[in-house]
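Participant: Give me a 3D structure for the following:
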Amino acid sequence: MTDEVVLDNQLCFQINRAHQLFNRFYQSPLKEFKLTYVQYTVLLALWERQGVTINQLGDKLGLGTGTLTPLLKRMEVAGWLTRTRSTEDERRVIVELTAKAQQSKAKILQATSDCISRLGFDKATYQETMTTVANIQQRLEQSEKD
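Facilitator: The predicted structure is shown next:
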């Protein structure tokens, strides 16, 4: 660590910058589907587990309902998903993928499959990077609890 405060030496800045660059990096392969990177992550989460509440989806993605609700509305209008009130608890909204989303899965995954390989990571470096990022996330989550 350096005592000098330089923007490029701030971990928070570097992670935020990487986040911005990832958003742009995925724009090209997602363009044909008219999806943003965040919408793509919604689809990824729902392909893993369908029929979740907005709160469950928000927890998985790290997004609040204020951000997620308008995003889901746009995706619903575009035909990617449905939002329906739970019959058991009217306050809960259940999110499910449409046939369009299910049928487009293979094409979307094919379009995005070479993104990480284009960065030139070998398997070991990729795993090391994933471990480091997961460790940072865990530390940040723990700091919120402290």
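Participant: Around V95, how many other residues sit close by?
Facilitator: Applying other C-beta atoms under 10 Å, we find 22 residues neighbouring V95. (Glycine included, C-beta is placed from N, CA and C.)
Participant: Tabulate the CA atom coordinates of the helix or strand harbouring it in PDB.
Facilitator: Per DSSP states H and E: V95 is located in strand 93-97. What follows is strand 93-97, C-alpha atoms only, in PDB (Å, rounded to 0.1, in the frame of the first residue of the first chain):
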ATOM      1  CA  VAL A  93     -44.000 -11.100  -7.600                       C
ATOM      2  CA  ILE A  94     -42.700 -14.300  -9.300                       C
ATOM      3  CA  VAL A  95     -40.400 -14.000 -12.200                       C
ATOM      4  CA  GLU A  96     -40.300 -16.600 -14.900                       C
ATOM      5  CA  LEU A  97     -38.700 -16.900 -18.300                       C
END
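Participant: Now do the buried residues in it.
Facilitator: Using 16 or more other C-beta atoms under 10 Å as the test for burial, strand 93-97 gives 93-95, 97.
Participant: which helix in this structure runs the most residues?
Facilitator: helix 123-145 (DSSP state H).
Participant: any idea of the mean pLDDT for that one?
Facilitator: Here helix 123-145 scores 93 as its mean pLDDT.
Participant: One more: stretch 56-72?
Facilitator: Per-residue scores along stretch 56-72 average to 95.
Participant: Quick one: end-to-end distance for that stretch.
Facilitator: 13 Å (C-alpha to C-alpha, to the nearest Å).
Participant: list the contacts for the most centrally placed residue in the chain?
Facilitator: Central residue of the chain (C-alpha atoms, centre = their mean): T41, 3.3 Å from the mean position. Shown in contact with T41 (C-beta atoms under 8 Å, 6 or more residues apart in numbering): L61.
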